[in-house]
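# Next one to model:
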Amino acid sequence: MDSVRQQKYARLIQKELGEIFQREGRNWFGQNFITITSARVTPDLGLARIQLSMFKVAEPKLILKQLSIHKNEIRKALGLRIGKQARIIPELEFFHDDSLDYVEKIEKIFKNLNIPPEEK
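Down below sits the predicted model:
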């Protein structure tokens, strides 16, 4: 269970990274639509694990690789935005949140179940 302090810090990071991605994201992942679904911060506030939703992205691993390459640049932009509110600018780790893809697959399965057998 995260402390209140971790939760507040994670929300701040999620909000600010979302705005950074909106403004400067094209430099890191082109025209792809990437959103931050969640941020989790370690108890020492030194590491933030960022979950990303990638809408209609063919190769999520390539996006994660690009973000890894630009991690220091992204962290610096984050530091400029939250530097007055936070003493520690955490290291960033990015992960693909595939829960929306999973939901889409499940919905497709349910739609196929409602089709009468003669139409398949």
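
# Going by C-alpha atoms from here, please, whenever you check contacts or count neighbours.
Fine.

# Need the residue closest to the centroid of the protein.
Leu52 (2.2 Å; C-alpha atoms, centre = their mean).

# three-state assignment of that residue?
strand (DSSP: H, G, I helix; E, B strand; the rest coil).

# do Phe95 as well
Secondary structure state of Phe95, per three-state DSSP, is strand.

# residues in contact with it?
Residues near Phe95 by C-alpha atoms under 8 Å, 6 or more residues apart in numbering: Arg49, Ile50, Gln51, Leu52, Leu64.

# Quick one: those residues as a markdown table, columns for pLDDT too.
Below are the contacts of Phe95 laid out as a markdown table (pLDDT from 0 to 100):
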| residue | pLDDT |
| --- | --- |
| Arg49 | 96 |
| Ile50 | 96 |
| Gln51 | 95 |
| Leu52 | 92 |
| Leu64 | 90 |
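
# on that earlier part again, how many neighbours does the closest residue to the residue nearest to the centre of the chain other than its chain neighbours have?
Spatial nearest neighbour of Leu52, excluding adjacent residues (C-alpha to C-alpha, 6 or more residues apart in numbering): Ile36 at 4.6 Å. Using other C-alpha atoms under 10 Å, Ile36 is surrounded by 21 other residues.

# tell me the contacts of Ile36?
In this structure, Ile36 makes contact with Gln14, Leu17, Gly18, Ile50, Gln51, Leu52, Ser53, judged by C-alpha under 8 Å, 6+ apart.
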